[in-house]
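Trainee: Let me see the structure of the following:
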Amino acid sequence: MANKRRFLPEWAIFPGIAVIGFFVWRQFASAGSFHRVASSKKVRGKDKFGSGAFGASRDGGSRSHNGIDFVVTPGETIFSPITGTVVRYAAPYPDDSRYSGVVIQNEEYLVKIFYILPNQVKPGQKVSRGQAIGVAQKISTKYGAGMTEHVHVEVWPGGKAPANPGPLFGV
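Mentor: Below is the predicted model:
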């Protein structure tokens, strides 16, 4: 009787684990490296006031949109997309104190988030990726009907110039 080759399970297990690990890693890498800021990752489409896409035209084409707008429900919890330090509160409209935001920075990115009430953090405070930082404000109060409720997010790699944050959020 011929010797039967004995099957060693580890030969099948280790390559399988490697393949599964690769696909899990790829899923996370393609989903972006930032935590979602709102319950949805839906980007504001075109409405009466324009588009929430990065680079969209503003002020009749005289400037471009420096971030992306995520659709929200006013009052919903907003989360930090990165681990870093709250640098300061931000005022998107110097002439209208009803609206606020926050700036968070780490060694790689400076992130500005507007139209939130940052009631859960203070300047100088360390925050973790995914930590609740505040609640969404009602931006349609400023612009009226036709404005999609949203939070505005800008990402400045190295703090130098705004970049398209979409790939970092997986959108």
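Trainee: Just the mean pLDDT for stretch 150-166, thanks.
Mentor: The pLDDT scores in stretch 150-166 average 93.
Trainee: which residues sit against it?
Mentor: By Cβ atoms under 8 Å, 6 or more residues apart in numbering, the surrounding residues in contact with stretch 150-166 are 34, 37-38, 43-44, 52, 54-55, 66-72, 78, 81, 92, 101, 105, 108-116, 136, 139, 168-169. Heads up, the C-betas are built off the backbone N, CA and C, glycines and all.
Trainee: One more pass at 7 Å, please.
Mentor: Around stretch 150-166, the neighbours that count as contacts under Cβ atoms under 7 Å, 6 or more residues apart in numbering are 37-38, 44, 52, 54, 66-72, 78, 105, 108-116, 136, 139, 168.
Trainee: ditto for stretch 73-85
Mentor: If you take Cβ under 7 Å, 6+ apart as the criterion, stretch 73-85 is touched by 34-39, 104-106, 109, 111, 113, 116, 124, 126-138, 149, 151.
Trainee: Filter those residues down to the buried ones.
Mentor: Under a neighbour-count criterion of 16 or more other Cβ atoms under 10 Å, the subset of those counted as buried comprises 34-38, 104-105, 109, 111, 113, 116, 127, 131, 133-137, 149, 151.
Trainee: Those in helices, which ones?
Mentor: Here DSSP state H is the test, and those give no hits in helices at all.
Trainee: Show the end-to-end separation of stretch 69-81, please.
Mentor: Between the opening and closing residues of stretch 69-81 we find a distance of 14 Å, counting by Cα to Cα, to the nearest Å.
Trainee: now stretch 127-140
Mentor: Across stretch 127-140, the terminal residues are separated by 29 Å (Cα to Cα).
Trainee: Run through this structure and note the low-pLDDT ranges.
Mentor: Within the chain, the segments meeting pLDDT under 70 span 1-32.
Trainee: Let's see that with 50 instead.
Mentor: When residues are selected by pLDDT under 50, those of the chain lie in 22-31.
Trainee: Would you map the helices across it?
Mentor: Assignment of helices within the chain using DSSP H yields the ranges 9-30, 140-143, 166-169.
Trainee: Run a quick check on Ser33 versus Leu168, I expect a contact.
Mentor: Yes. The criterion here is Cβ atoms under 7 Å, and Ser33 meets it with Leu168 at 5.7 Å.
Trainee: which of these two has more neighbours?
Mentor: Looking at Ser33 and Leu168 with other Cβ atoms under 10 Å, you find the greater number of neighbours at Leu168, namely 21 against 15.
Trainee: re the thing from before, so which of the contacts of stretch 150-166 are in strands?
Mentor: With strands identified by DSSP state E, the entries of the contacts of stretch 150-166 that belong to them are 68-71, 78, 105, 109-114, 116, 136.
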